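Colleague: Provided below for reference: sequence and predicted model.
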Amino acid sequence: MSIQTRLKAIAAATIAAATLFSMAACGTSDSADSSSSSGSGSSSAATKGYDVSKIQKDDEIAAMLPDSVKSDGVLKVGTDTSYAPAEFLAEDGKTPVGFDVDLTKALAKVFGLKPETTTATFDSIIPSVGSKYDLGISSFTVTKERLEAVDFVTYFKAGSTFVVKKGNPEKIDSSDLCGKKVAVQTGTTQEEEINSDNDACKAAGKSEITIQSSKLQTDVTTAVATGKADIFYADSPVAGYAIEQTGDSLQALGEDVGVTPEAVAIKKGDADTAKAVQAAIQKLMDDGTYKKILDTWGVSSGAIDKAEINPATES
């Protein structure tokens with residue numbers, strides 16, 4: 001994800017009536033979770049994720065993976081578990097869950113390896129890919145700067161989404177928010193955009209936007225669900241998850257904007273691993289597993305149909 005997106009470190013789109021999650025922030029030390037394929041345990045259905053137990057090893061794709069990755073039988077992945085619904089901690093405060101974590105488990109099954117997701121600070125992951133971790137899977141937005149440090153294989157797209165109450169009872173038009181009450185999370189690109197929109201409203205002599213800025217995405221979501229705000233603006237995965245977790249009492253308004261690819265980070269120059277990861281992700285896309293994982297977390301709007309190595313980027 002982008003630098004601005006990381007400011008949304010503990011975002012989880014739930015309200016009081018929804019399941020509460022333990023959103024512990026990442027510390028300085030790493031913690032590993034060797035995820036099992038079964039969904040057994042005490043965690044609620046909301047955080048069990050997709051059951052990957054039926055995914056079979058693909059011998060041809062597994063053979064593409066170099067010994068440097070597969071020799072120990074473990075697929076080691078670094079992730080910053082503070083960004084629901086992509087990667088966060090379950091109710092026990094230590095088990096990584098989310099659609100990125102499910103993707104990690106699915107990739108491991110295709111490779112015939114045991115998945116090991118390790119919680120790490122976001123900025124420490126890319127420098128550690130190829131040494132401490134085999135892969136980095138943590139909602140990384142593909143940028144020119146990052147492409148100088150690692151290779152990427154795309155698997156998702158994310159932008160920004162407006163969300164209103166189901167049926168849009170206030171008849172909100174996202175192209176003209178002057179005079180409306182808009183909820184955003186503090187320090188985000190969405191907050192910056194709404195501030196710019198407000199400046200435009202004032203310059204045009206229109207009513208100002210009432211900007212409700214909250215540190216937690218939970219508060220942003222609650223504001224719209226309870227009628228305190230007319231609309232909120234957030235990252236598309238967060239918005240999709242909010243809609244699902246509030247029992248579909250909310251809905252997206254319009255299309256996602258500012259969409260950019262997200263990708264798996266791989267050691268720079270490790271072409272064999274990149275090709276193997278690309279093949280594995282493409283297999284999961286083609287057989288429908290990938291879509292089922294995204295559906296489980298309410299983020300299918302971010303689905304892509306082709307995994308690419310080092311796509312072109314403008315930033």
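Modeller: Ah, there it is. Numbering: from 1, shown residues only.
Colleague: which regions of the stretch 201-315 of the chain sit below the pLDDT cut-off?
Modeller: 314-315 (pLDDT under 70).
Colleague: now the stretch 1-150 of the chain
Modeller: 1-46.
Colleague: what ranges do the strands span in it?
Modeller: Shown for the stretch 1-150 of the chain, the strands assigned by DSSP state E, counting those that start in this stretch span residues 31-33, 74-79, 88-89, 96-97, 114-119, 135-141, 150-165.
Colleague: tabulate those strands (TSV), appending distance to D197.
Modeller: C-betas here are computed from N, CA, C, even on glycine. Shown next, in TSV, are the strands of the stretch 1-150 of the chain (distance: least, CB to CB, whole Å):
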stretch	distance to D197
strand 31-33	41
strand 74-79	33
strand 88-89	30
strand 96-97	35
strand 114-119	36
strand 135-141	23
strand 150-165	11
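Colleague: with mean neighbour count and distance to D59 added, can I get those in CSV?
Modeller: Output for those, formatted as CSV (neighbours: other CB atoms under 10 Å; distance: least, CB to CB, whole Å):
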stretch, mean neighbour count, distance to D59
strand 31-33, 16, 27
strand 74-79, 25, 16
strand 88-89, 26, 33
strand 96-97, 26, 28
strand 114-119, 22, 17
strand 135-141, 25, 20
strand 150-165, 23, 20
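Colleague: closest to K48 out of the ones you listed?
Modeller: Smallest distance to K48 across the strands of the stretch 1-150 of the chain (CB to CB): 7.6 Å, for strand 96-97.
Colleague: and the closest one, which strands flank it?
Modeller: As defined by DSSP bridges, the strand partners of strand 96-97 come to strand 88-89 (antiparallel).
Colleague: which stretch among the strands of the stretch 1-150 of the chain comes nearest D272?
Modeller: strand 150-165 (10.8 Å).
Colleague: just the angle between that closest one and strand 135-141, please?
Modeller: Here strand 150-165 runs at an angle of 50 degrees relative to strand 135-141 (axes from the mean of the first three to the mean of the last three CA atoms, to 10 degrees).
Colleague: dump strand 150-165 to CSV, restricted to CA.
Modeller: Taking C-alpha atoms only, strand 150-165 is exported to CSV below (Å, rounded to 0.1, in the frame of the first residue of the first chain):
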residue,chain,number,x,y,z
VAL,A,150,12.2,-5.8,-5.2
ASP,A,151,10.3,-7.6,-8.0
PHE,A,152,6.6,-7.7,-7.9
VAL,A,153,3.8,-10.0,-9.0
THR,A,154,0.4,-8.3,-9.1
TYR,A,155,-2.7,-9.9,-7.4
PHE,A,156,-5.1,-7.1,-6.5
LYS,A,157,-6.2,-3.5,-7.3
ALA,A,158,-7.3,-0.9,-4.8
GLY,A,159,-8.5,2.6,-5.0
SER,A,160,-10.8,4.8,-3.0
THR,A,161,-14.6,4.3,-2.5
PHE,A,162,-17.5,6.5,-1.3
VAL,A,163,-20.0,4.7,1.0
VAL,A,164,-23.5,5.8,2.0
LYS,A,165,-26.5,4.2,3.7
